[in-house]
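A.B. asks: what's the 3D shape of this:
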Amino acid sequence: MDASIMDGRTLKAGAVAGVTTIRNPISAARAVMEKSKHVMLIDGGAEKFARDQGLAIVPPSYFYTKKRWDEFQKIHHQELDQKLIL
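C.D. replies: Presented below is the predicted three-dimensional model:
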């Protein structure tokens, strides 16, 4: 997942990208903006930073739902079928 945030008044920004275990990525992006000298952290570095900040960490399975998986599979198969037609 990716998340970013910007304060329009101060123009400060923060972002995380490629994270899989941060329960609320936008909270991590806000922490990057408010508590680091960086604008963006990615992957394991972003997740370590979030842990160090005391943010909730969950297993990737936390984000899985059967409904969303089925929706993804339907779209994925439609895209594959479309490519075969072309």
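
A.B. asks: which helices and strands does the worst-scoring helix or strand of the chain on mean pLDDT pack with?
C.D. replies: In the chain, no helix or strand scores lower on mean pLDDT, DSSP states H and E than helix 66-85, which sits at a mean of 88. Applying 3 or more CB pairs under 8 Å, 6 or more residues apart in numbering; DSSP states H and E, we find helix 66-85 packed against no helix or strand. C-beta: built from backbone N, CA, C; applies to glycine.

A.B. asks: distance from that helix to the middle of the chain?
C.D. replies: Remark: helix 66-85 is offset 22 Å from the chain centroid, using CA atoms, centre = their mean, to the nearest Å.

A.B. asks: for Gly54, which three-state class applies?
C.D. replies: In three-state terms, and counting by DSSP: H, G, I helix; E, B strand; the rest coil, Gly54 is coil.

A.B. asks: need the phi and psi values for it.
C.D. replies: phi 80, psi 20 (degrees, to the nearest 10).

A.B. asks: tally of neighbours for it?
C.D. replies: 8 (other CB atoms under 10 Å).

A.B. asks: how near is it to Val16?
C.D. replies: 15 Å (CB to CB, to the nearest Å).

A.B. asks: next: Arg9.
C.D. replies: 22 Å.

A.B. asks: same thing with Ala29?
C.D. replies: Computed as CB to CB, the Ala29 to Val16 distance reads 5 Å.

A.B. asks: what do the two both touch?
C.D. replies: Ala3, Ser4 (CB atoms under 8 Å, 6 or more residues apart in numbering).

A.B. asks: show me the shaky parts of this protein.
C.D. replies: Scanning the chain for pLDDT under 70 picks out the ranges 86.

A.B. asks: how near is Ala17 to Met1?
C.D. replies: Applying CB to CB to Ala17 and Met1 gives a distance of 8 Å.

A.B. asks: what's the answer for Pro59, then?
C.D. replies: Counting by CB to CB, the gap from Pro59 to Met1 is 14 Å.

A.B. asks: neighbour count for the two, which is higher?
C.D. replies: Neighbour totals were compared for Pro59 and Met1, and Met1 leads with 15 against 9 (other CB under 10 Å).
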